[in-house]
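1. structure, please.
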Amino acid sequence: MERNEMILGEIAKQGLIPLFYNSDKEVCIDVTRALYDAGIRLIEFTNRGPEAFENFKALLAERDASMPGLLLAIGTIRTADQASRYINAGADFLISPVFDADICDVAYLHKKVWIPGCMTPTEVHMAEKAGCKLVKLFPGNVLGPGFVSGIKELFPEMHFMPTGGVELDKASIEAWFKAGVIAVGIGSKLITKEVLMNKNYMLITKWTKQALDIIAFIKR
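-> Numbering: from 1, shown residues only. The predicted structure is shown next:
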């Protein structure tokens, strides 16, 4: 479990988990490298298309070859079978949009960090009872920072990370951190369709550095 504590510590330290999916293997590698060059050491690749599994394996191979220290999570895990498949492929940790007891069991048996998605106090309670230390608040644009402020005292030992609804500006990011989250997940606001279309990966590096600087300033 020491490795799991390390992963949770790194999530809190980085404060940002970029997430994305693309059907093109080379685009996936280029995006990952752009994030890595910005200083990112934890990334969520989402299981959202038929090419996801092969592309994730390609990312793991590229990581092992040229991006030391990078932790790759697989996101959008909704079944125990998906969890097992990606764990066997080499996923460092798992992220889901839902709480699912079967996924929890698979993660526990393989001693992997699993971050379930929660939207209600009941779901957060279930996750806490199952031993989860961090939950993904999803969709963040529906819940908002006020939700964190409203429930945080009920779950003093739980850590929170919103995904969805986090903008790439100081006001948005600061509102979430002041509410009590330890990290934010950012997808299409950071890895935009326009950037991918134009293959302007340097913008991803630039925007990611800016986001990390904002988080570092807020956490001072």
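2. so where's the protein uncertain?
-> 1 (pLDDT under 70).
3. buried set for the helix or strand hosting Ala65?
-> Assessed by DSSP states H and E, Ala65 sits inside helix 52-66. Neighbour-count burial for helix 52-66 flags Ala52, Asn55, Phe56, Ala58, Leu59, Leu60, Glu62, Arg63 (criterion: 16 or more other CB atoms under 10 Å). Every residue, glycine included, has its C-beta placed from N, CA and C.
4. same check on stretch 180-192?
-> Those would be Gly180, Val181, Ile182, Ala183, Val184, Gly185, Ile186, Gly187, Lys189, Leu190, Ile191, Thr192, for stretch 180-192 by 16+ other CB under 10 Å.
5. gap between the two ends of that stretch?
-> Stretch 180-192 has an end-to-end distance of 27 Å (criterion: CA to CA, to the nearest Å).
6. contact partners of that stretch?
-> Under the contact criterion CB atoms under 8 Å, 6 or more residues apart in numbering, stretch 180-192 has outside partners 11-12, 14-20, 31, 44, 46, 134, 136-137, 140, 145, 148-149, 152, 159-164, 166-168, 173, 176-177, 204, 207-208, 211, 215.
7. re the thing from before, distance to Val98 added to the buried residues of helix 52-66, as CSV?
-> What follows is the buried residues of helix 52-66, written out as CSV (distance: CB to CB, whole Å):
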residue, distance to Val98
Ala52, 17
Asn55, 23
Phe56, 20
Ala58, 27
Leu59, 24
Leu60, 24
Glu62, 29
Arg63, 27
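8. number of nearby residues for Lys111?
-> 11 (other CB atoms under 10 Å).
9. does it touch Asn4 like I think?
-> Yes: Lys111 is within contact range of Asn4, at 6.9 Å (criterion: CB atoms under 8 Å).
10. hey, where'd the helices end up in this structure?
-> With helices called from DSSP state H, the chain shows them at 2-14, 25-37, 52-66, 80-89, 101-109, 121-129, 140-143, 145-151, 170-179, 193-198, 201-218.
11. so can I have TSV of the ones you listed showing distance to Ile74?
-> Putting these into TSV (distance: least, CB to CB, whole Å) gives the following:
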stretch	distance to Ile74
helix 2-14	13
helix 25-37	12
helix 52-66	6
helix 80-89	4
helix 101-109	11
helix 121-129	18
helix 140-143	20
helix 145-151	25
helix 170-179	24
helix 193-198	20
helix 201-218	20
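12. and of these, who's closest to Leu72?
-> helix 52-66 (6.0 Å; CB to CB).
13. give me the helices and strands touching that closest one, please.
-> With contacts taken as 3 or more CB pairs under 8 Å, 6 or more residues apart in numbering; DSSP states H and E, helix 52-66 sits against helix 25-37, strand 42-46, strand 71-75, helix 80-89.
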